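Peer 1: here are the coordinates; sequence isn't available:
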């Protein structure tokens, strides 16, 4: 915590340059309550998990683990691929949670946001991500759920969030994440 502000680490489960989920994270920066600071981290470059290498992780994984450890809370933006969490996001989480007994996610408050061009906006990916949080002993925020369907209609060509209703729910989620983090710290 920096001067009564909670540090939130945000990362997206997409590597795509024009990702709506990355844009949703950037939109969050403008909607933060006064007691949150958001650092956005790019998971691009995290290699595929190989248990043979878990005790000698690549520098990118060590950096990611360090960022998770130093954060007071997490904000994960996930697209939905094939009814579930994208492989790159699951891989990044798997890499960072290993080796067994060295889990930086343990006890972390976390909020999930998602955007998709489809009708369900990433709802199934959010559900599957919550299942992973159980094993990692994380404390997910239950609501409000920020699920952005038809994302291509809610962002401009530069990735700026235009939809006021989405902004409203995102702002509520960020305030609740701040409150949840403070409650868990007490």
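Peer 2: Nice, thanks for sending it over. Just so it is clear, the model here is predicted, and its values are computed rather than measured.

Peer 1: residue nearest the centroid of the chain?
Peer 2: In the chain, the centroid-proximal residue (Cα atoms, centre = their mean) is residue 76; its distance is 0.8 Å.

Peer 1: how about low-confidence regions in this structure?
Peer 2: Judged by pLDDT under 70, the chain has its weakly predicted residues at 1-3.

Peer 1: recalculate using a threshold of 50.
Peer 2: Across the chain, nothing is flagged by pLDDT under 50.

Peer 1: helices along this structure, start to end?
Peer 2: Taking DSSP state H to define them, one finds helices in the chain at 20-29, 59-70, 87-96, 123-136, 164-185.

Peer 1: now distance to residue 150 and mean neighbour count too, for the ones you listed, in a markdown table please.
Peer 2: Every C-beta, even on glycine, is put in place using the N, C-alpha and C of the backbone. Formatted as a markdown table, the helices of the chain follow (distance: least, Cβ to Cβ, whole Å; neighbours: other Cβ atoms under 10 Å):
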| stretch | distance to residue 150 | mean neighbour count |
| --- | --- | --- |
| helix 20-29 | 10 | 23 |
| helix 59-70 | 31 | 16 |
| helix 87-96 | 21 | 20 |
| helix 123-136 | 13 | 16 |
| helix 164-185 | 11 | 17 |
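
Peer 1: can you list these in TSV and add distance to residue 112?
Peer 2: Listed next are these as TSV, based on distance: least, Cβ to Cβ, whole Å:
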stretch	distance to residue 112
helix 20-29	10
helix 59-70	15
helix 87-96	11
helix 123-136	5
helix 164-185	9
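
Peer 1: out of those helices, which gets nearest to residue 145?
Peer 2: Nearest to residue 145 among the helices of the chain is helix 123-136 (7.0 Å), distances taken as Cβ to Cβ.
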